[in-house]
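Q: Starting from these lines, generate the structure:
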Amino acid sequence: MIDPLRNQNIIFDMIGKRQYFTLHAPRQTGKTTLLHELAHRLNKEGNYISVVFSVESAGYRSITEETANSKIINSLYQACEFFLPKKFLAPKPVITKKYSLQDYLNKWATAQTKPIVLLLDEIDSLYDDVLVSVLRQLRNGFQIRPERFPSTVALVGLRDVREYKTKVRPSEASLGSGSPFNIKAKSILLGTFTKEEIAELYSQHTKDTGQIFSKEVVDRIYELTGGQPWLVNAIASEIIVEILKEDFTKKITLEYVESAKENLIQRRDTHLDSLIDKLKESRVNKVISAVINGDLVDFNTYNDDILYCRDLGIVSETNPVQISNEIYREIIPRVLTDPFQAAIGDEGKRVWYINPDGKLDMDKLLKAFQKF
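A: Predicted coordinates for the structure are as follows:
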């Protein structure tokens, strides 16, 4: 395991300055691991009271603001029981219609002698008025922190706070000068692994088993994954567990790396399914289609659709804009052309351009293409 708080001095700087900030990253890049490590470290050091809790229980469209407040408060109280000793616990919820999250946080902070660092996960699971309400309550408490409100609030999710707006209002509408989206001092994007960090991670396996990931293997895995943490772990697991059956005497070769890549693509594990689901969004599809087709679009850092795709980890974080790693570059066109692929070969039509040995008959294929 790589230290999730490596190179994250900016987070401790935000906490020291009593600021609100957002932390966002694609799925399965280590956000929750980082949050738990951060809360436990802050509590152990003893200068802060810190809790991680999710608001996902209030993340459905039909929920009312009152019910959402109740569910969020209960989730926070349950998280406190996991992270904190009794003397630091938030008060036991006594929910009434007028009792808000802001009231609850005010009551908790007022009763404590240490500043509270609140790590609020899955913020972008909230919808419409509930999302606006939660952000407004947190923003309202900013002026009375740290004595009567959490000193620092981190909003954590897949997307930056700028993207929350698209969930609650059209781009031309306004929520006024006191917009709840003007809530954070800094936006932090959780990065991918560097090549050196992949080598460090794999070296821990070598230390435990003696089985070596050579430099050429690490280099190739970095090319395939772009350092995406889930892919980095999944490739290694596929090689060690599924292909080599945990026989640590066998050498890890480039051939095994390629086989692992193919297995992941064909199996479409949860991570890749989540990627595929995102391709259904028009904003994502528009960008990816432009990248694949070489269309001229506004590829600059102020293009919201590009930023959105970067936040999701689908395209590269730097220019030129391209699909972020080799595995994505292979699976995305497969998915986008799937309806066409399904039509090819119906009723045995495919066999005329394939030789008995299974290889393409290029002469027949090219002549047919010319005719077409």
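Q: Could you double-check that residue 141 lies in contact with residue 150?
A: Yes: if you go by Cβ atoms under 8 Å, residue 141 and residue 150 touch, sitting 7.1 Å apart. Every residue, glycine included, has its C-beta placed from N, CA and C.
Q: And those two? Which one has more around it.
A: When residue 141 and residue 150 are compared for neighbours, residue 150 comes out ahead with 28 against 21, by other Cβ atoms under 10 Å.
Q: what packs against the biggest helix by length in the chain?
A: For the chain, the longest helix by residue count, based on DSSP state H, is helix 65-83. Contacts defined by 3 or more Cβ pairs under 8 Å, 6 or more residues apart in numbering; DSSP states H and E place helix 65-83 against helix 31-45, strand 49-54, helix 101-110, helix 128-141.
Q: Most tightly packed of these?
A: With neighbours taken as mean count of other Cβ atoms under 10 Å, the helices and strands packed on helix 65-83 reach their highest mean count in strand 49-54, at a mean of 25.
Q: Could you list the paired strands of it along with their orientation?
A: Applying DSSP bridges to the sheet, strand 49-54 is found paired with strand 116-121 (parallel).
Q: buried residues in the strand it pairs with?
A: 116-121 (16 or more other Cβ atoms under 10 Å).
Q: Could you do stretch 236-244 as well?
A: Neighbour count says stretch 236-244 has 236, 238-240, 243-244 buried, by 16+ other Cβ under 10 Å.
Q: Could you verify my assumption that residue 234 touches residue 269?
A: Yes: with contacts counted by Cβ under 8 Å, residue 234 reaches residue 269, the gap being 6.7 Å.
Q: Quickly list what's touching both of residue 141 and residue 150.
A: Shared contacts of residue 141 and residue 150 (Cβ atoms under 8 Å, 6 or more residues apart in numbering): residue 105.
Q: okay, the helix or strand harbouring residue 370 in CSV with CA atoms only?
A: Using DSSP states H and E, residue 370 sits in helix 362-371. The C-alpha coordinates for helix 362-371 follow below in CSV (Å, rounded to 0.1, in the frame of the first residue of the first chain):
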residue,chain,number,x,y,z
MET,A,362,-6.9,-9.3,-47.6
ASP,A,363,-7.4,-9.5,-51.4
LYS,A,364,-11.1,-10.4,-51.1
LEU,A,365,-11.6,-7.8,-48.4
LEU,A,366,-10.0,-4.9,-50.2
LYS,A,367,-11.8,-5.7,-53.5
ALA,A,368,-15.1,-5.8,-51.7
PHE,A,369,-14.2,-2.5,-50.0
GLN,A,370,-13.4,-0.9,-53.4
LYS,A,371,-16.7,-2.2,-54.7
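Q: which other residues reach it?
A: Contacts for helix 362-371 (Cβ under 8 Å, 6+ apart): 352-353.
Q: One more: stretch 197-204?
A: Contacts for stretch 197-204 (Cβ under 8 Å, 6+ apart): 1-2, 6, 193, 213, 215, 218, 221-222, 227, 232-233, 236.
Q: what's the distance between the residue nearest to residue 158 when sequence neighbours are not counted and residue 183?
A: The shortest distance from residue 158 to any non-neighbouring residue, by Cβ to Cβ, 6 or more residues apart in numbering, is to residue 124 (5.7 Å). Distance, residue 124 to residue 183, using Cβ to Cβ, to the nearest Å: 13 Å.
Q: And those two? Which one has more around it.
A: residue 124 (22 against 18).
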